[in-house]
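Student: quick one, fold the following:
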Amino acid sequence: MKRNKFELEAENKIESLPVIGDFIAASLSQLNIRPPIGRHVQLAVDEACTNVIHYAYEGTGIIRITVELASGELIVTVDDQGKPFNPLEVPPPDLDSGAEDRPIGGLGIHLIKNLMNQVSYSYDVASGNRLTMKKRIV
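Tutor: Residues are numbered from 1 along each chain as shown. Model (predicted):
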């Protein structure tokens, strides 16, 4: 029987990014998700997890990633119990100015919003931050 849901827990450290990348690639392969959708999802997850690694925790922590296929959508959730942070409240970056004139940051969130069909955020004191990213596959 083919599975439609995959889960991974990883430490919030840069060295976990290849493990997370391999997990996403293997999950997408099992779900028969091909490029360009697979590349979009891979990049969005990498950006989301990089943000958690750099900003969510003061010390060590865990990132939980779930990938599932439901109703023609690939749904990826990234959960952490770090500081509350809603990436959807970050203003869009100024893409008209030269790179040297723009503030650092914000491009990863912009990329996630543009690569995925739907992005939502929630925070709960008990469970922490949850970023849900959806990509239509049909």
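Student: from here on, just use CA atoms for contacts and neighbour counts.
Tutor: Fine.
Student: buried residues in the lowest-mean-pLDDT helix or strand in the chain, which are they?
Tutor: Ranked by mean pLDDT, DSSP states H and E, the weakest helix or strand in the chain is helix 107-115, scoring a mean of 90. Buried positions in helix 107-115, judged by neighbour count with 16 or more other C-alpha atoms under 10 Å: 108, 109, 110, 112, 113, 115.
Student: tell me how many other residues crowd residue 60.
Tutor: Neighbour count of residue 60, defined by other C-alpha atoms under 10 Å: 11.
Student: for the residue nearest to residue 79 when sequence neighbours are not counted, what are its contacts?
Tutor: In this structure, residue 79 finds its nearest non-sequential neighbour in residue 130, 4.5 Å apart by C-alpha to C-alpha, 6 or more residues apart in numbering. Contacts were defined as C-alpha atoms under 8 Å, 6 or more residues apart in numbering; by that measure residue 130 touches 77, 78, 79, 80, 121, 122, 123.
Student: residue 130 belongs to a strand, doesn't it?
Tutor: Yes. With DSSP: H, G, I helix; E, B strand; the rest coil as the criterion, residue 130 is part of a strand.
Student: would you map the helices across the chain?
Tutor: Secondary structure of the chain by DSSP state H: the helices cover 17-30, 37-51, 107-115.
Student: hey, which of these is tucked in deepest?
Tutor: Ranked by mean neighbour count, those are led by helix 37-51 with a mean of 20 (mean count of other C-alpha atoms under 10 Å).
Student: export that one to CSV, keeping only CA atoms.
Tutor: What follows is helix 37-51, C-alpha atoms only, in CSV (Å, rounded to 0.1, in the frame of the first residue of the first chain):
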residue,chain,number,x,y,z
ILE,A,37,6.4,21.1,-8.9
GLY,A,38,9.0,19.1,-7.0
ARG,A,39,11.6,21.8,-7.4
HIS,A,40,9.2,24.5,-6.2
VAL,A,41,8.3,22.5,-3.1
GLN,A,42,12.0,21.6,-2.4
LEU,A,43,13.0,25.3,-2.6
ALA,A,44,10.1,26.5,-0.5
VAL,A,45,10.8,24.0,2.3
ASP,A,46,14.5,24.8,2.2
GLU,A,47,13.7,28.5,2.6
ALA,A,48,11.2,27.9,5.4
CYS,A,49,13.5,25.6,7.4
THR,A,50,16.5,27.9,6.9
ASN,A,51,14.4,30.7,8.5
